[in-house]
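# Pasting a predicted model and its sequence here:
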Amino acid sequence: MTQLFSVPDRVKQGSTSPIQTPDQYREHYLRAAADPDQYWLEQAKARVKWKKEPTLGLAGDYHGVAEEPISWFSDGTLNLTETCLDEHLKERAEKTAIIWEADEPGHSKTLTYRELHSEVCRFANALRELGLQKGERAIIYMGMVPEAAIAMLACARLGAIHSVVFGGFSAEALRDRVRDCGAKIVITQNEGRRGGKPLALKTVVDQALTDEHVVKHVVVFKRTDTEVEFEEGRDVWWHDAVSGVSDSCEAVECAAEDPLFILYTSGSTGKPKGLVHTTAGYLTYTSYTHEIVFDLREEDVYACVADVGWVTGHSYIVYGPLANGATTLMFESTPLYPDAGRYWNLVEQHKVTIFYTAPTAIRALAAQGDQFVKGHDRSSLRVLGTVGEPINPDAWRWYYDVVGEGRCNIVDTWWQTETGGICLTPIAPVTETAPGSATLPLPGIFPVLLDGDAHVIRGPGQGKLCMAHPWPGQARTVWEDHDRYVATYFSTYPGYYFTGDGGCIDEQGYVYIMGRIDDVIIVSGHNLSTGSIEEAVASHPAVAECAVFGVKDELRTQVPIGLLVLKCGVETDPVTIVSEVVALVREKVGPVANFKQVAITKRLPKTRSGKILRSALRKLADGVDFPVPSTIDDPAILEEIRIDLQGLGYA
Ligand code: WTA
């Protein structure tokens with residue numbers, strides 16, 4: 001039996017949440033199970049500022065999703081920014097909406113709700129002047145500056161669809177996304193700052209847009225004094241675009257199911273999937289989960305140190321917190337700059353009460369020693385969150401004991417880009433926690449484990465994690481590729497949403513996530529497809545074939561390893577080939593892939609039908625015993641590869 005940690009008294013006291021006791025949790029869970037439509041309609045009405053209130057809950061189901069995407073509240077209309085901004089002008093106009101902490105320690109600024117509202121309206125007017133209209137797409141390629149949030153909200157003000165691309169992606173990855181969504185405008189910075197170093201954002205945009213003519217304008221926010229090239233007629237400075245522009249801007253009326261954003265995520269093949277989140281369901285769900293899970297209180301200072309390039313930044317830096325009128329912190333730097341005390345300095349300086357990060361950061365910081373934590377006053381903290389990958393019990397204990405000094409509850413939140421918001425999690429004032437477990441489903445979430453024959457496992461067990469019923473925050477489709485959406489998530493187990501994760505449920509119903517069971521790997525909390533890395537590797541002229549797979553890594557969870565088979569007759573020195581392949585991945589996928597380990601091998605293990613046996617490679621590298629796959633063409637290959645992997649320090 002796992003050791004359970006009860007909720008510290010301090011976390012329970014003073015809660016204003018609708019769910020603050022186990023009984024209330026049960027009551028909500030049962031109500032949402034008995035009548036999901038009614039439950040979510042109530043939430044939608046209470047949380048969203050509607051132009052026209054909806055009367056409909058869910059339409060469609062997982063069986064019919066191929067013919068008709070599911071929808072929620074589909075007869076309602078709204079503009080999301082009225083919930084996130086205008087509504088707060090009544091009682092919270094002078095409350096801080098965003099605290100921005102710059103890369104350089106000690107440099108920060110704040111924006112009140114009134115200021116944020118004005119900035120969003122001005123920038124929305126500027127975008128409209130540049131021709132951006134409802135339903136059109138804008139790519140946001142920025143670092144962690146408030147202008148990134150302003151740009152997202154300004155798009156939403158116009159009913160335009162944004163797609164934020166993480167600043168660690170390369171020009172090619174950016175170009176793929178610009179093309180896939182047909183972006184009319186790209187919003188970027190002359191330069192970003194991270195960990196004391198510059199990020200050449202505008203230069204990457206220029207490379208991405210060479211010979212791309214769909215993009216009409218590039219808006220450039222000036223973050224530093226570094227000069228950048230400007231293309232006459234196309235490029236516009238942000239400050240010029242908003243200069244003299246009115247700060248009043250009509251909030252365009254949108255249907256509940258109009259797309260709010262597209263966010264690209266890795267698939268098992270190379271091409272990223274543009275997941276589409278729609279407006280009202282997403283807003284309802286992020287507002288609900290942000291309040292309930294973290295037990296948000298009016299005076300909280302909430303800090304999620306993710307990046308807006310990922311879904312966590314969308315849902316829990318921007319949309320959820322702003323819908324709830326919270327003070328949300330945006331952090332431009334890294335946990336290790338200038339030293340491993342940076343997060344705790346942030347907490348001390350801004351009196352952060354809720355802190356949300358990823359296990360990879362927790363592990364990296366734990367490895368640096370406790371003194372970096374203890375040097376800072378953390379008495380303001382009440383709730384600590386983690387997201388992005390399973391948290392190992394040691395890291396959990398360190399977070400609980402050292403960072404939180406046993407006074408805070410830890411919410412290990414499981415969710416995905418596809419789910420829009422948190423699904424499995426402790427509720428801060430309610431749930432007894434177990435290190436390494438995302439514990440229980442939120443009301444309205446119905447997880448099941450399926451076995452190899454697609455039967456539901458009742459009671460404790462281990463299987464494929466699926467969801468049995470839709471909820472409002474779920475992604476509705478893949479941009480212009482609904483078939484791919486259906487094939488990826490709804491064809492493996494008809495009638496269920498398949499998460500791609502394996503999981504296990506214990507006697508008390510607590511869920512433990514075992515990780516991905518497809519070709520998606522998690523590197524430092526970033527989701528990457530081995531397929532996209534393989535494509536980049538295979539584009540090297542000397543490579544005949546290759547396999548890329550993830551191996552366990554203590555700090556980063558997983559790192560990708562590449563095995564290459566060279567074409568016959570290649571005479572280039574192998575060391576040169578390896579470094580060229582590494583550079584290619586950096587160029588085509590981006591530094592985010594952390595692709596450094598490559599071995600050249602004579603051949604790859606395959607099935608008789610010619611499929612590369614990736615799972616065997618993974619197990620070999622991780623040093624796990626496994627039966628030789630019965631379909632393998634030639635078992636002797638495994639021994640050859642073991643030696644190659646040992647050369648890299650694995651197996
Ligand atoms: C993994 C991030 C264990 C999981 C919000 C999922 C987790 C993938 C947890 C989604 C957690 C996320 N415990 N695993 N608390 N949270 N994951 O789309 O494999 O970037 O499928 O969304 O991260 O990653 P994504």
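Ah, there it is.

# Just to check, residue 148 is in contact with residue 308?
Yes. Between residue 148 and residue 308 a contact is recorded at 4.9 Å, counting by C-beta atoms under 8 Å. (Each C-beta comes from the backbone N, C-alpha and C, glycine too.)

# pLDDT below threshold where in this protein?
Applying pLDDT under 70 to the chain flags residues 1, 267-270, 608-611.

# Residues of it that sit close to the ligand?
Residues of the chain found near the ligand (C-beta under 6 Å from any ligand atom) are 265, 310-312, 387-390, 412-417, 438, 499-501, 513, 515-516, 522, 527.

# and the residues you listed, which of them are in strands?
265, 387, 412, 413, 499, 500, 501, 513, 515, 516, 522, 527 (DSSP state E).

# So what's the residue count around the residue in the stretch 501-650 of the chain positioned nearest to the ligand?
Of all residues in the stretch 501-650 of the chain, residue 513 sits closest to the ligand, at 3.5 Å by C-beta to the nearest ligand atom. Neighbour count of residue 513, defined by other C-beta atoms under 10 Å: 20.

# partners of it in the sheet?
Beta-bridge pairing for residue 513 (DSSP bridges): residue 503.

# now it: how far from residue 475?
Remark: distance between residue 513 and residue 475 (C-beta to C-beta, to the nearest Å) = 19 Å.

# residues contacting the residue of the stretch 501-650 of the chain closest to the ligand?
390, 414, 424, 438, 465, 501, 502, 503 (C-beta atoms under 8 Å, 6 or more residues apart in numbering).

# at 10 Å instead, please
389-391, 412, 414, 424, 436-438, 465, 499, 501-504 (C-beta atoms under 10 Å, 6 or more residues apart in numbering).

# buried stuff in stretch 326-344?
Neighbour counts over stretch 326-344 (16 or more other C-beta atoms under 10 Å) mark 326-337, 340-344 as buried.

# for stretch 72-82, same thing?
72, 73, 74, 76, 77, 78, 79, 80, 81, 82.

# OK, contacts around the third one?
Under the criterion of C-beta under 10 Å, 6+ apart, the contact partners of residue 74 comprise 54-60, 255-257, 278, 280-281.

# Mark which of the buried residues of stretch 72-82 are part of helices, please.
80, 81, 82 (DSSP state H).

# re earlier: I'd like the buried residues of stretch 72-82 laid out as CSV, including distance to residue 200.
Converted to CSV, these look like this (distance: C-beta to C-beta, whole Å):
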residue, distance to residue 200
72, 41
73, 42
74, 43
76, 43
77, 41
78, 38
79, 35
80, 32
81, 31
82, 37
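
# May I ask which two of the residues you listed are separated the most?
Using C-beta to C-beta, these span at most 20.3 Å, a distance reached by 74 and 81.

# what about stretch 300-311, distance to the chain center?
Centroid displacement of stretch 300-311 relative to its chain, using C-alpha atoms, centre = their mean, to the nearest Å, is 10 Å.

# go on, stretch 310-318?
For stretch 310-318, the distance to the chain centre is 7 Å (C-alpha atoms, centre = their mean).

# mind listing the strands in the stretch 51-200 of the chain by residue range?
For the stretch 51-200 of the chain, the strands defined by DSSP state E, counting those that start in this stretch occupy 58-59, 71-72, 77-78, 96-101, 108-112, 137-141, 161-164, 185-189, 192-194, 197-199.

# now for the longest one, which elements pack on it?
Judged by 3 or more C-beta pairs under 10 Å, 6 or more residues apart in numbering; DSSP states H and E, strand 96-101 is in contact with strand 108-112, helix 113-129, helix 146-158, strand 301-304, helix 320-323, strand 327-331, helix 342-350.

# Contacts only, for the residue nearest to residue 114 when sequence neighbours are not counted.
Distances taken as C-beta to C-beta, 6 or more residues apart in numbering place residue 93 nearest to residue 114, at 4.3 Å, with adjacent residues excluded. Taking C-beta under 10 Å, 6+ apart as the contact definition, residue 93 lies against 112, 113, 114, 115, 117.

# Am I right that residue 135 is in contact with residue 258?
Yes. If you go by C-beta atoms under 10 Å, residue 135 and residue 258 touch, sitting 7.4 Å apart.

# Those two: who's more crowded?
Shown here are residue 135 and residue 258; by other C-beta under 10 Å, residue 258 has more neighbours (20 against 13).

# Spell out which residues sit in contact with that one, please.
Counting by C-beta under 10 Å, 6+ apart, residue 258 touches 77-80, 134-135, 156, 159, 161, 252, 278-280.

# Check those against residue 480 and report the nearest one.
residue 161 (11.9 Å).

# Pairing partners for that closest one in the sheet, please.
Bridge pairing for residue 161 - DSSP bridges - gives residue 137.

# Give me the neighbour count for it.
The tally of other residues near residue 161 (other C-beta under 10 Å) stands at 25.

# Quickly note the distance from it to the ligand.
In this view, residue 161 and the ligand are 19 Å apart by C-beta to the nearest ligand atom, to the nearest Å.

# So what would you say the end-to-end distance of stretch 604-622 is?
Counting by C-alpha to C-alpha, to the nearest Å, you get 17 Å between the two ends of stretch 604-622.

# Please compute how far it lies from its chain's middle.
29 Å.

# Would you indicate which residues of that stretch are buried?
By 16+ other C-beta under 10 Å, the buried positions in stretch 604-622 come out as 604-606, 612-614, 616-622.

# just stretch 53-60 next, same as before
So, applying 16+ other C-beta under 10 Å, buried residues of stretch 53-60: 54, 57, 58, 59, 60.

# and if you look at stretch 466-486?
466-467, 469-479, 481-482, 484-486.

# For the residue in the stretch 101-250 of the chain that the ligand sits nearest to, the count of nearby residues, please.
Nearest residue of the stretch 101-250 of the chain to the ligand: residue 166, at 10.5 Å (C-beta to the nearest ligand atom). By other C-beta under 10 Å, 20 other residues sit near residue 166.

# Cross-check the contact I'm expecting between residue 290 and residue 319.
Yes. Counting by C-beta under 10 Å, residue 290 touches residue 319, with 8.5 Å between them.

# Which one of these two is surrounded by more residues?
Between residue 290 and residue 319, counted using other C-beta under 10 Å, residue 319 has the larger neighbour count: 30 against 26.

# which residues touch that one?
Going by C-beta under 10 Å, 6+ apart, residue 319 touches 80, 83-84, 149, 152-153, 156, 260-261, 277, 282-283, 285-287, 290, 313, 328, 420-421.

# rerun at 7 Å
When contacts are counted by C-beta atoms under 7 Å, 6 or more residues apart in numbering, residue 319 touches 84, 283, 286.

# May I see the buried residues of stretch 437-449?
For stretch 437-449, burial by neighbour count (16+ other C-beta under 10 Å) applies to 437-449.

# same question, stretch 363-375
Within stretch 363-375, the residues scored as buried using 16+ other C-beta under 10 Å are 363, 364, 365, 366, 372, 373.

# How about residue 378: what's its closest non-neighbour residue?
The shortest distance from residue 378 to any non-neighbouring residue, by C-beta to C-beta, 6+ apart, is to residue 347 (5.3 Å).

# Burial check on the one you found, number of neighbours?
Around residue 347 there are 24 residues (other C-beta under 10 Å).

# Do a quick rundown of the helices in the stretch 201-350 of the chain.
Taking DSSP state H, counting those that start in this stretch, the helices of the stretch 201-350 of the chain run over residues 201-208, 238-242, 279-294, 311-313, 320-323, 342-350.

# Turn these into JSON lines, including distance to residue 532.
Output for the helices of the stretch 201-350 of the chain, formatted as JSON lines (distance: least, C-beta to C-beta, whole Å):
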{"stretch": "helix 201-208", "distance to residue 532": "16"}
{"stretch": "helix 238-242", "distance to residue 532": "31"}
{"stretch": "helix 279-294", "distance to residue 532": "26"}
{"stretch": "helix 311-313", "distance to residue 532": "18"}
{"stretch": "helix 320-323", "distance to residue 532": "29"}
{"stretch": "helix 342-350", "distance to residue 532": "31"}
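
# Of those, which is nearest residue 564?
helix 201-208 (26.2 Å).
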